[in-house]
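S.K.: let's see this in three dimensions:
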Amino acid sequence: MSSAGPVKRSTNIKRPDVGARDKKLDVLKAQLKKIDTEVQAIRKQIDQQQAGVSGTDERQGLQDELRSIIKTQSELKSRRQAIHDQIKSLDNEMKRKKAQIAARTGSKTQYQSSEDIAARKRTIDAEISSGELSLVEEKLMVKELQSLNKLQRDLQAIEPVRKSMDQDRALIATLKQELNELNPKEVSNKFEATQQRLNEIQSKNQTVYDKRQVLFTKRSALYKKRDEVYSQITQIRSDFDNEFKAFKLKLDKERLKREEDQKLSKLLEEKDAAAGKLQEKLLHARQPAFTYEIGAIENVLCVLDPTYVKPVKHALEVPADSSAQAPQSARKVESDDLEPIVKEKEDNFFSGGGSKSKKNKKKQTSSGASSSGKFSLEPTMIATLAELDVTVPLTKEEVPKAIEQLKVKHEDFSSRQDAQTEKNISEAEAKLEQLNLDYEKKEAAVKAELEQKRAKEQEESKEDDE
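M.R.: Numbering: from 1, shown residues only. Have a look, this model is predicted:
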């Protein structure tokens, strides 16, 4: 049976005010549509504001294109020069051949082909055969005939040269046509446009991060507002369902559609929240690796080795959730010939060195001097050395060994810092990509589940109607 059955049976049932309900829902749906439009617009803006991903890919592509254009310009210049040289060579060759023909036939001859000579010879033969010529005229004709025979032999000898000149002329015309087609202006315009686009990308990336943060805040506010609108819609439809049971099929369809929208919306919110966390992890992964370990080694070396000078660099950035973070203050080393060193105007890594009175310091010095070469370290320093897997010195003779181990580890961490940072970035990007794949599967599963539920309820409704 069709879904119109229950509607027909409900004609005698007092209807709730459908118009009032629809007016309320229309207002809320308009709000939802507006919110969804704004969310989609913001999401597109976020996708477009990709700092270090799409911008980097496009910039790399443009740089490759620039190199290709430069190579094309060089090849174009070389090809045009080669054509000019070839045309010049052909011109010189034609001049040489023309001079060769003139030297063989004479520059003033009126006969330029064997056909012209043959025609003249026929005319002379006809005049001689007529018998109307005088003896002098006949001798002149015979002499001219001899000259024509010699000229004909010369023309036949230079005929290959003439054909070669015709071929040279055709080749020169072809080369000039090719030269016209090799237009460097188009390549230059493409180079300028590509360079301008590169400059625009560089300028745009300066403000990408701040723009993304503003967009994330706006999107979160819209999600909260949309949840409130969904709650109102749910309440209105729930009240209407209780009053209007006769339209069960229609209401069930709307409920399933609403359920689908809410689940997909919730799923999208969860995805966005998880993606935001992974984006933060990706930003953290881009910080240099082993920053804490290198800083800890340098602080310990400053205390154990008075001659050690900490390298000048930017301020150390340690993530807030790092388990390796520990209080950092001045620490004390006591021995019979070592005195505590406290560096001013920097973060003191060891504790205890600055809180002792002069009286206590004297007692500690005398106590250390009477301990047969042994000296004591602050517990926090011992913990740091243990954490770095460095042998804790128990006597002053063991201090150089500890210093050497610290320097070796400092060199090891510094040499592996770039590679580890790249690895951290790759892992974070892989997790972000896996997140997108997982949520695509979840979304498909939600749609399949709701579609199956919809089909089942439609089947049950048909059975009830029958």
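S.K.: pLDDT below threshold where in the stretch 1-150 of the chain?
M.R.: Within the stretch 1-150 of the chain, the stretches with pLDDT under 70 are 1-15, 50-55, 104-114, 116.
S.K.: one more time with 80
M.R.: Scanning the stretch 1-150 of the chain for pLDDT under 80 picks out 1-16, 18, 48-59, 97-122, 124-135, 137-138, 142, 144-150.
S.K.: tell me the mean pLDDT over the lengthiest helix in the chain?
M.R.: Ranked by residue count under DSSP state H, the longest helix found in the chain is helix 399-465. Average pLDDT, helix 399-465: 85.
S.K.: likewise for stretch 263-282?
M.R.: Mean pLDDT, computed over stretch 263-282, is 86.
S.K.: and that stretch, what's buried?
M.R.: 263, 265, 269, 271-272, 274, 278, 281-282 (16 or more other Cβ atoms under 10 Å). The way it works is simple: take the backbone N, C-alpha and C, and place the C-beta from them, glycine included.
S.K.: ok, those vs Lys24, which is closest?
M.R.: For the buried residues of stretch 263-282, the residue nearest Lys24 by Cβ to Cβ is Ser265; the value is 20.1 Å.
S.K.: specify the local secondary structure of that closest one.
M.R.: Per DSSP: H, G, I helix; E, B strand; the rest coil, the local secondary structure of Ser265 is helix.
S.K.: could you verify my assumption that it touches Tyr230?
M.R.: Yes - using Cβ atoms under 8 Å, Ser265 is in contact with Tyr230, at 7.3 Å.
S.K.: for the longest helix of the chain, packing partners?
M.R.: The elements that helix 399-465 packs onto, with contact taken as 3 or more Cβ pairs under 8 Å, 6 or more residues apart in numbering; DSSP states H and E, are helix 4-9, helix 248-285, helix 291-304.
S.K.: cutoff 6 Å now
M.R.: Judged by 3 or more Cβ pairs under 6 Å, 6 or more residues apart in numbering; DSSP states H and E, the packing partners of helix 399-465 are helix 248-285, helix 291-304.
S.K.: next one: that helix to chain centre, how far?
M.R.: The chain centre lies 21 Å from the centre of helix 399-465; the measure is Cα atoms, centre = their mean, to the nearest Å.
S.K.: what's the answer for stretch 256-269, then?
M.R.: On Cα atoms, centre = their mean, the centre of stretch 256-269 falls 33 Å from the chain's centre.
S.K.: residues touching that stretch, excluding its own?
M.R.: For stretch 256-269, contacts defined as Cβ atoms under 6 Å, 6 or more residues apart in numbering pick out 223, 442-443, 446, 450, 454.
S.K.: how many neighbours does Glu259 have?
M.R.: Residues within reach of Glu259, counting by other Cβ atoms under 10 Å, total 16.
S.K.: gap between it and Ile233?
M.R.: Remark: distance between Glu259 and Ile233 (Cβ to Cβ, to the nearest Å) = 12 Å.
S.K.: beyond the helix or strand containing Lys95, next helix or strand please.
M.R.: Element membership for Lys95 (DSSP states H and E) is helix 54-105. Downstream of helix 54-105, the first helix or strand assigned by DSSP H and E is helix 114-130.
S.K.: and that following helix, what does it pack onto?
M.R.: Using 3+ Cβ pairs under 6 Å, 6+ apart: helix 114-130 touches helix 135-181.
S.K.: just give me the closest of the buried residues of stretch 263-282 to Phe191.
M.R.: Leu282 (34.9 Å).
S.K.: these two touch, right, that closest one and Ala428?
M.R.: Yes - using Cβ atoms under 6 Å, Leu282 makes contact with Ala428 at a distance of 4.1 Å.
S.K.: with only the CA atoms kept, save stretch 125-135 in CSV.
M.R.: What follows is stretch 125-135, C-alpha atoms only, in CSV (Å, rounded to 0.1, in the frame of the first residue of the first chain):
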residue,chain,number,x,y,z
ASP,A,125,67.5,26.6,-90.0
ALA,A,126,64.3,27.7,-91.7
GLU,A,127,65.9,31.0,-93.0
ILE,A,128,68.9,29.1,-94.3
SER,A,129,66.7,26.5,-96.0
SER,A,130,64.6,29.2,-97.7
GLY,A,131,67.6,30.1,-100.0
GLU,A,132,66.6,33.8,-99.7
LEU,A,133,69.7,34.8,-97.7
SER,A,134,72.8,36.4,-99.2
LEU,A,135,76.1,34.6,-98.8
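S.K.: and the helices and strands packed on helix 399-465: which comes nearest Phe216?
M.R.: Closest to Phe216 of these, according to Cβ to Cβ: helix 248-285, at 6.7 Å.
S.K.: got the angle between that closest one and helix 399-465?
M.R.: Counting by axes from the mean of the first three to the mean of the last three Cα atoms, to 10 degrees, helix 248-285 lies at 170 degrees to helix 399-465.
S.K.: return the distance of helix 248-285 from the chain's centre.
M.R.: Centroid displacement of helix 248-285 relative to its chain, using Cα atoms, centre = their mean, is 29 Å.
S.K.: same check on stretch 218-230?
M.R.: For stretch 218-230, the distance to the chain centre is 32 Å (Cα atoms, centre = their mean).
S.K.: buried sites along that stretch?
M.R.: Neighbour-count burial for stretch 218-230 [16+ other Cβ under 10 Å]: 218-219, 222-223, 225-226, 229-230.
S.K.: what does stretch 224-236 rub up against?
M.R.: Looking at stretch 224-236 with Cβ under 6 Å, 6+ apart, the contacting residues turn out to be 24, 28, 31-32, 35.
S.K.: just the CA trace of that stretch, in CSV.
M.R.: Only the C-alpha atoms of stretch 224-236 are listed here, as CSV (Å, rounded to 0.1, in the frame of the first residue of the first chain):
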residue,chain,number,x,y,z
LYS,A,224,26.7,25.6,18.9
LYS,A,225,24.0,27.7,17.4
ARG,A,226,23.0,24.9,15.0
ASP,A,227,22.7,22.5,17.9
GLU,A,228,20.3,24.8,19.7
VAL,A,229,18.2,25.1,16.5
TYR,A,230,18.2,21.3,16.2
SER,A,231,17.0,21.0,19.8
GLN,A,232,14.1,23.3,19.1
ILE,A,233,13.1,21.5,16.0
THR,A,234,13.3,18.2,17.8
GLN,A,235,11.0,19.5,20.6
ILE,A,236,8.4,20.9,18.1
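S.K.: and the helix holding Lys95, what does it pack against?
M.R.: helix 135-181, helix 184-204.
S.K.: can you redo those helices as TSV with distance to His410 and mean neighbour count?
M.R.: Converted to TSV, the helices and strands packed on helix 54-105 look like this (distance: least, Cβ to Cβ, whole Å; neighbours: other Cβ atoms under 10 Å):
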stretch	distance to His410	mean neighbour count
helix 135-181	63	13
helix 184-204	36	12
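S.K.: make CSV out of those and add distance to Leu66.
M.R.: Output for the helices and strands packed on helix 54-105, formatted as CSV (distance: least, Cβ to Cβ, whole Å):
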stretch, distance to Leu66
helix 135-181, 24
helix 184-204, 5
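S.K.: closest one to Gly19 among these?
M.R.: Across these, Gly19 has its closest neighbour in helix 184-204 (51.0 Å, Cβ to Cβ).
S.K.: how far does the closest one sit from its chain's centre?
M.R.: Worked out by Cα atoms, centre = their mean, helix 184-204 lies 17 Å from the chain centre.
S.K.: just how off-centre is the helix or strand just after it within its chain?
M.R.: Using DSSP H and E, the helix or strand that follows helix 184-204 in sequence is helix 208-243. Put simply, helix 208-243 sits 33 Å off its chain's centre (Cα atoms, centre = their mean).
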